[in-house]
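*Asks:* with the input below, show me the fold.
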Amino acid sequence: MAHRSRLAGFIIDCQTDDLDAAADFWAQALGCTVADRAAGDAAGRYQRLGDTPHGLHIEVQQVAHPSRVHLDIEADDVHAEAARLEALGARKLAFVRERWWVMEAPTGQRFCVVPMADPERGLTPRTWD
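*Replies:* Next up, the predicted model:
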């Protein structure tokens, strides 16, 4: 069955005790604003940036692992997209909160496959068979 996906944006993972300061730094560095300081759910610590280039979804996330940046690919069927990416050589690492896949590219970079938030906003999703 066909599904659609596209680049949603990226998450800036910060191993820090001061998420406000991290979000302020990245907002200023990227010429954005901090649009939502409480963007995460009860288990997650995220701050969403606003006024982002080309409407990209950018969040600053507090994490326990070393700091890094990871991409989010959004799909209207996260399982079909994860399977497509596995066929290309990626590896599934974890299905988180029964909503998204954490995956690893053949070259070692981590990325997530997340549910598509707003199919009509942003770049047109690509359809995959």
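*Asks:* hey, let's count contacts and neighbours off CA atoms from now on
*Replies:* Noted.
*Asks:* for the longest strand anywhere in the chain, name the packing helices and strands.
*Replies:* In the chain, taking DSSP state E as the definition, the longest strand is strand 3-14. Here strand 3-14 touches strand 57-62, strand 68-75, helix 78-87, strand 126-128, going by 3 or more C-alpha pairs under 8 Å, 6 or more residues apart in numbering; DSSP states H and E.
*Asks:* which residues are in contact with that strand?
*Replies:* 22, 56-63, 66-77, 80-81, 116, 123-129 (C-alpha atoms under 8 Å, 6 or more residues apart in numbering).
*Asks:* parallel or antiparallel, which strands does it pair with?
*Replies:* strand 57-62 (parallel), strand 68-75 (antiparallel), strand 126-128 (antiparallel) (DSSP bridges).
*Asks:* winner for burial among those?
*Replies:* strand 57-62 (a mean of 24; mean count of other C-alpha atoms under 10 Å).
*Asks:* alright, calling it a day.
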